[in-house]
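1. When you get a sec, could you give me coordinates for this:
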Amino acid sequence: MLRQGYHESFSELFTLIQKWNALREAAGPGSAIWQQKSLEEQPDKLDQLYLFLTRAEAAQRAGRYEEVYDNQLNLAYCFNDPEDKWLSNYFYEQCFNTAQLIKIDGGKREAQAHANMGFINEEQGHVMKAAKHYEAFYQLTEGSTWKDETGHTYNSLACEHLWRIYTLLADKMLENKEHQQAIKTLIKALKMAKEGRSLMEAQLTDFDWLVNVDVAIFDFLVLAKNRFLS
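-> Sure thing, here's the model as predicted:
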C-alpha cells in the first residue's frame, strides 16, 4: 500500500488491526475472539481490505464520493460472519459518513446508510437512535421509486422498520408506566403499518409482510384497549 502511495488506506488498515487487538485483549483468554486469528494472519480478509480500501482512497482523491461509498459498502458486505460483526459495523459507519458528502444520487445512498445504521443500533438495543435513523430513511424515500435487491421499495421498507421500532419503543414506555406516551407511539406505529400495507398492496408483493402488518394492527388494538382499561 505504502509503495503504491495509498497512505490513508495503510493507516486505516493499521487502525483496524489495532482495534482488533484491543477487542481481543479486552475480552481476555477463553473468549471466542481470543481463539481467532488476528487480521494479520488472515490473508483473505487482508486481500479484501487492500482491494476496497485502495479503491475507496483513489475515488476520494478524485472527489467521486459515490464510489467511495460503494467500496466501503462492499467491505461491510464482505465481513458478514458473526466474529466479523465489528468490522461490518465499522464500514457501515464509514458509509454513513461518506453518504453525507454525496450530492448526485438524490439522497439514495444517504437513505441506505440511515437504514443500515438504524439496524445496527436496533441490534445493539439503542432503540431511540434506531428510530431516528429509520425516520430519516422514511423521509428520504418518500415519493421515490428506489427498490432493494428483492424488489421492495425503500419507502415500504422504511414503513416496516418504523412500525417495528415504534412498537418496541411503546413496549419500553409501557414497562416504565409511561402510558400516554406509549399510546401516542403506538398510534405512530399503526400509521406506519397501514401505510406500509397500502404500499405493498399496490405492488402486489410480499404477502408475509402483509400478514405481519395485520398482526401489528391487531397487537396495537389489544395493547391500546388494555391500557385504556387499566
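2. need the helices for this protein, in chain order.
-> Under the criterion DSSP state H, the chain contains helices at 7-27, 32-35, 43-61, 65-78, 85-99, 108-123, 127-141, 154-175, 179-203, 207-229.
3. need these in TSV with distance to Asp148, can you?
-> All C-beta atoms are positioned from the backbone trio N, CA, C, and that covers glycine. Output for those, formatted as TSV (distance: least, CB to CB, whole Å):
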stretch	distance to Asp148
helix 7-27	28
helix 32-35	31
helix 43-61	21
helix 65-78	13
helix 85-99	15
helix 108-123	9
helix 127-141	11
helix 154-175	7
helix 179-203	12
helix 207-229	13
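4. Who are the contact partners of the residue nearest the centre of the chain?
-> The residue lying closest to the centre of the chain (CA atoms, centre = their mean) is Asn116, at 1.6 Å. Going by CB atoms under 8 Å, 6 or more residues apart in numbering, Asn116 touches Ala76, Tyr92, Cys95, Phe96.
5. From Ala130, how far off is the second one?
-> What it means is Tyr92. Tyr92 is 13 Å from Ala130, where distance means CB to CB, to the nearest Å.
6. before we move on, what about Lys19?
-> Separation of Lys19 from Ala130 (CB to CB): 23 Å.
7. mind checking pLDDT for Tyr90?
-> Predicted confidence (pLDDT) for Tyr90: 98.
8. Spatially nearest residue to it (excluding sequence neighbours)?
-> Counting by CB to CB, 6 or more residues apart in numbering, Tyr90 lies nearest to Leu16, which is 7.2 Å off, once chain neighbours are set aside.
9. Could you double-check that that neighbour lies in contact with Gln42?
-> No - in this structure, Leu16 is not within contact of Gln42 by CB atoms under 8 Å, at 11.7 Å.
10. more crowded one of these two?
-> Leu16 (18 against 15; other CB atoms under 10 Å).
11. can you tell me how far the more buried one sits from Asp81?
-> Counting by CB to CB, the gap from Leu16 to Asp81 is 16 Å.
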